[in-house]
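[1] When you get a sec, could you give me coordinates for this:
(2 chains)
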There are 2 protein chains.
Amino acid sequence: MPFCVFQDFNLAAIYVSDAQYNRNVYFDTSPQAVRLYMLYNHWALKVLLYFFMLVNLSLAIFEDPAVYPLPIWATMLVEILCLLIFTIRVIHYAKVILRDKFWKDPKNICIIVILTLTLVDMIIYGALKAANYYGVRWSRVLRPLLLVNVTEGRQLRRAFRSIRNALPQIFYVFLLFMFSILIFALMALKLLGKRGLTNINGTPYFTSYLEIMFDLYVLVTTANSPDVMMPAYNANFFFAVFFIVYILINTYIFMSVFLAVVYNNYKKYLKEEVRQLVRAKRHKMVRAFGVLQEQREEGGEPVVTQASWNQLVRLVQPNLSNAHRELLWSVSDDKNQGAIGKVAFVQLADLLNIEIITIKSRPHPLQSLCPSLYQSAPSKLLCQLVQHRAFVMVYDLIILVNAVFIGLDEENPMIANSEWVFLALYILEILLKLYVFEPRVFFSKHSFWNWFDTVIVISALIATIVNSVMKSCNRQILDIVFILRVLRLIRVVDSIKRFNYISYSFIYPCIKIICICGDPAVVYYIFAMVGMELFKGKVTFYEQSSTDPAKAYCGNPLLNGTDFAKLNYCKNNFNDVVSSFILLVELTVVNQWHDILYSGFATVTHISARIFFVLFHVIVVIVILNIFVAFVLEAFFVEYSVDKSDLQTSLERKIEELELAVAQYVTFPFQYNTCNM
Amino acid sequence: MPFCVFQDFNLAAIYVSDAQYNRNVYFDTSPQAVRLYMLYNHWALKVLLYFFMLVNLSLAIFEDPAVYPLPIWATMLVEILCLLIFTIRVIHYAKVILRDKFWKDPKNICIIVILTLTLVDMIIYGALKAANYYGVRWSRVLRPLLLVNVTEGRQLRRAFRSIRNALPQIFYVFLLFMFSILIFALMALKLLGKRGLTNINGTPYFTSYLEIMFDLYVLVTTANSPDVMMPAYNANFFFAVFFIVYILINTYIFMSVFLAVVYNNYKKYLKEEVRQLVRAKRHKMVRAFGVLQEQREEGGEPVVTQASWNQLVRLVQPNLSNAHRELLWSVSDDKNQGAIGKVAFVQLADLLNIEIITIKSRPHPLQSLCPSLYQSAPSKLLCQLVQHRAFVMVYDLIILVNAVFIGLDEENPMIANSEWVFLALYILEILLKLYVFEPRVFFSKHSFWNWFDTVIVISALIATIVNSVMKSCNRQILDIVFILRVLRLIRVVDSIKRFNYISYSFIYPCIKIICICGDPAVVYYIFAMVGMELFKGKVTFYEQSSTDPAKAYCGNPLLNGTDFAKLNYCKNNFNDVVSSFILLVELTVVNQWHDILYSGFATVTHISARIFFVLFHVIVVIVILNIFVAFVLEAFFVEYSVDKSDLQTSLERKIEELELAVAQYVTFPFQYNTCNM
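    Take a look at the predicted model:
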């Protein structure tokens, strides 16, 4: 294939990098489409997209009801800009892939519908506002759905898809669960309704069927235990049995069953998706092989020569070192034939994903600078001291003493000055280590704790100096100083070997957990938007210093004398997007949600406000939170059972074979690379 | 082997039934030991043992602090009787198994130690009481441990063993968790301690390190959310972020990690145990084969003849029908050779565990009684009507109407009389079904819903008649009538096919879940005993009708004005074992445990009472409850992935082969037979 070789390599490189990053896009293979596709995958464009996505979502901060109000035309203008960017991105995508593939993907239809609806809503809202009518920006709830569809948030989409798959089963279990509540409520009504019992506030106990159902639903969330049971229990011993059976069945068994259903579907879906990914990856690699293959002898197997391979890898990962590339080739071309077949070639994507760190044991820069001093006896003794176990233990002790000192009153001058001593000690430690260890090794990419230490200590130094210079006792800087001081203590976790083991099997899942946090965030955003439209301005927070008599009832006379106002809950409101988020987190934790939070908002609006709160509980606590738990469980089980892949083993064997003893290689499995896997 | 054939069959039968019921006992094979072992496994002795175990545990109801006080000599006498029974059981066991095996089993040592300690404690307590000194019956906490060790509660022991295995990992994660709380508490102290914030009751907010730690620990249980955050949140927006990060890390991630650790260990241990069980079962069956084997030809494989096999099976399961036995033989002796080898023989235990229900499609008794009437056109029409789908739908409708009527006021005479109509309708339904279906089929062992229906309807009939005859409106009978009426509604679940599917995959795990409830019960019992010693008589409950002024503060002046008394929590006390259990369930649900329940008991005793409550939370909520959830998850996953075993398939194929079309066979997998598997 002598002609158009450059195009071929480009195409092959795209196939390989698609396989490497698990992109499953059936792009057009014409040269201009390939160029467009390369542009589409460019990191700058992706960063731009994420940036505008963030801008679009954070518009809620400036729109009515706003944290920082901006005029409507300003937010509208920014939103139109965002929409424009998203539209361009979609058009770009449409140019890249085949026409019929584009229209078959529900994702694209979804984006186009959302963009159109948003535009329509903006026009209507603008017109209404211009005519001074009341308008609702209902399309704001669609914004997070754009995030799910436009970006490469595969983790997010997978979570939603596995929720969608689990929905029928969740729904049937939910029906059974509701049926169980209905039956228990009916029984409670019959057993307790006619006994003339009263709640503590004197209202009749368990006389209305709907109220009983709601009370029992709240009991599932445990928020009104044991209060809901006390009047009955006080009247007779045996009614406690009724409630205990109820709690066992509905709170423990049903909630575990929800988890089981969600987790089971999540696992099933994950397995299926991993299978599909592996298939797609293989497919892409086979196509890349097809582009580059040559036939060395008549009738022989098609192969890829080392020269083409090298050119390909240089295109795919330009920053790969020559040594690293040669190592990968020697793993692929095990028998040293100068060319590899299809089977060996297909492994390339996985090989590139295995991270190899080369730690060259080069001499310390000081040694080359003034060898006589660095090699002298006192210097050598110092090196031995720093590398000794006792050095670590002394510093652990210092950290513990430091922890005690932090706990003491910092206004005592002795304590305040001791901070300088500790800072000096920590800086000394870093300098000593830098003296002993090669700086590039000390600050290598995977020396998490060294980086952590240095950043925290230097920030603390700067903040402490700024604080003592300003002397005005600026609360914010002081807060930062305190936070940095406390964070320094975390380092002690690294020192204890046993912890060390755990914390590694803890950090990787935690990194993965961050990936899934977008998932509740999307649902929170939607509920925050709806909540703001429903409840904005109903409850007002007055500053502590305010003397307004309305402060006692959160600015709403309806709340006068309610627990909501008495417990100082005025700041739990839907008046802006940040307050709404915090309130929704409180609702997720479920405690106090029924008689304080919900009833506060029901008082200022209508009893049907209950629907909003129950719906939030069903969706977030029963569905989303269980996906979260399923995710954590799965992440840990993978962590517990992680074995080195075959490929990793053969790579490590090759490293040993080649006797690359001068370089210390560490391989990392490719599971942890990205949220997208 | 012509001599002592009877002994041989006995021995082989014991091996087989050991294999069948997964008993893993290395008993002595001498004839008298075998006879003793058969006695040891007799159901009557086991029932006796369980009965005395129950008596021993329920002594707590009669001992000080008692629900129904009995003199000390009475409870002591009963306890000595129980101890005697347990001692006899242990001696019996020691006679059955080999001497060195007995002393190697920690279970036996455990029992002997507990029995001795209990005896010592009883003597000391009796002496102290006789001399009128104060004494504590501390050995009562050991009683549930006897339950774990003496009985065949394998499920219970497995749960505890998997907890024990998981303990090191749980402990390390717990340390990390505590470290995280320490760090957050230190940060909270530094950030919030000096701001002069106050709680709602005016006390300073977040100023004492210990208090902050406790508050943050309580926040993990969600019991004080959002109150603990409100003062900081009211002061500044950004402090909410601190609490949200705290909740995310400690409440959600750490709690999920605890579940992951417990679940992972549970699964690992379960797998290992199942493997051991399978090995032990095989071992037993091989020994049984060794006892019965014959050599039919010189140099041939040893076999068991059909005659010996028949005799063996008759010994093992005397109530097995001939047809069933022949079916099993034909599955084992697939090639019809009149004898089976080792491989086929070893399957016997599993074969016996597969339940086969023979539903003979015999004619209806009425048909043989008066065929002309039963075969007449109106009778046939009736049969068709009852078997029609519409019949089921009509009765579902009746149930729904009934549900509405139950919800209405039953003092209205129209409604009260309607109950008779519904009862009549339900009885009519059962009679009609009995007319159409063969009674023995209708009431077969596995027709759960038919049994359920009949029992509920007949009980309701009896209770309603008794109630209307007595006319005194006896509240208890009325309660029973109500409960039965509501339970009748559950039947509607059976009618809906989709539910039906779910409820089956729901019922089996639920049966299994009952098996694991002994697990928390053991821990509850221990905590109840300790709690009673610590807090008995500190809080008194006064009846509603009481006019004693002490009622307002639960009989303890220290509680005057506290939330505990205000919320009417006086009945939440440790004054007897039943109250203690109910209180412990409330503590398990965790809501209100901190500022009401705990602080109530801390007020009447000492601040260190907190240790008891936190310890209970750590053990029950973090460990036991997670085992419970792990168990439910595993039960459902097994249910979702249950495949018919090979053996079951071959049995079903054989049934088809033999064209046993006249009889309808249903096979049940052997997973569900017993808690012991």
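[2] Next, count neighbours for the closest residue to chain B within the stretch 351-500 of chain A.
    The minimum distance from the stretch 351-500 of chain A to chain B, using C-beta to the nearest C-beta, falls at A:Phe482 (3.8 Å). No exception for glycine: its C-beta is placed from N, CA and C like everyone else's. By the criterion of other C-beta atoms under 10 Å in any protein chain shown, A:Phe482 has 21 neighbours.
[3] same thing with A:Tyr37?
    Per other C-beta under 10 Å, the neighbour tally for A:Tyr37 reads 24.
[4] Quick check, pLDDT for the closest residue to A:Leu478 other than its chain neighbours.
    Distance criterion C-beta to C-beta, 6 or more residues apart in numbering or on different chains; nearest residue to A:Leu478, sequence neighbours excluded, is A:Asn467 at 6.0 Å. Here the pLDDT value assigned to A:Asn467 is 81.
[5] Over to A:Arg440?
    pLDDT, A:Arg440: 77.
[6] Report the backbone C-alpha coordinates of the helix or strand hosting it in PDB.
    Assigned by DSSP states H and E, A:Arg440 belongs to helix A:439-442. The C-alpha trace of helix A:439-442 is given here as PDB (Å, rounded to 0.1, in the frame of the first residue of the first chain):
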ATOM      1  CA  PRO A 439      14.800  15.100  44.200                       C
ATOM      2  CA  ARG A 440      13.300  13.700  41.000                       C
ATOM      3  CA  VAL A 441      12.700  10.400  42.800                       C
ATOM      4  CA  PHE A 442      11.300  12.200  45.900                       C
END
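[7] then the helix or strand hosting the residue nearest to A:Leu478 to CSV, C-alphas only?
    Per DSSP H and E: A:Asn467 is located in helix A:448-470. Output in CSV follows, covering the C-alpha atoms of helix A:448-470 (Å, rounded to 0.1, in the frame of the first residue of the first chain):
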residue,chain,number,x,y,z
PHE,A,448,1.6,10.9,46.8
TRP,A,449,2.7,11.5,50.4
ASN,A,450,5.8,13.4,49.6
TRP,A,451,3.8,15.8,47.4
PHE,A,452,1.1,16.0,50.1
ASP,A,453,3.6,16.8,52.8
THR,A,454,5.5,19.5,50.8
VAL,A,455,2.4,21.2,49.6
ILE,A,456,0.7,21.3,53.0
VAL,A,457,3.9,22.4,54.9
ILE,A,458,4.7,25.2,52.4
SER,A,459,1.1,26.4,52.3
ALA,A,460,1.1,26.4,56.1
LEU,A,461,4.4,28.4,56.2
ILE,A,462,3.0,31.0,53.8
ALA,A,463,-0.3,31.3,55.6
THR,A,464,1.3,31.5,59.0
ILE,A,465,3.7,34.2,57.8
VAL,A,466,0.9,36.2,56.2
ASN,A,467,-1.2,35.8,59.3
SER,A,468,1.6,37.0,61.6
VAL,A,469,2.4,39.9,59.3
MET,A,470,-1.2,41.1,59.0
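[8] pLDDT wise, what is the residue of chain A most remote from its centre at?
    Distance from the centre of chain A peaks at A:Glu298, with 54.1 Å (C-alpha atoms, centre = their mean). Looking at A:Glu298, its pLDDT reads 73.
[9] Kindly confirm my reading that it is in a strand.
    No - counting by DSSP: H, G, I helix; E, B strand; the rest coil, A:Glu298 is not found in a strand; it is coil.
[10] Can you give me the distance of it to chain B?
    As judged by C-beta to the nearest C-beta, to the nearest Å, A:Glu298 and chain B stand 52 Å apart.
[11] Angles on the backbone of that residue, please.
    Dihedral angles phi and psi of A:Glu298 (degrees, to the nearest 10) take the values phi -60, psi 130.
[12] quick one, what contacts it?
    Applying C-beta atoms under 8 Å, 6 or more residues apart in numbering or on different chains, we find A:Glu298 in contact with no residue.
[13] And A:Leu219, by the same measure?
    A:225, A:228, A:243, A:246-247, A:250-251.
[14] Between the residues you listed, which sits nearest A:Asn56?
    A:Thr251 (39.7 Å; C-beta to C-beta).
[15] Can you tell me the closest non-neighbouring residue to that closest one?
    Once flanking residues are discounted, A:Thr251 sits nearest to A:Val220: 5.3 Å by C-beta to C-beta, 6+ apart.
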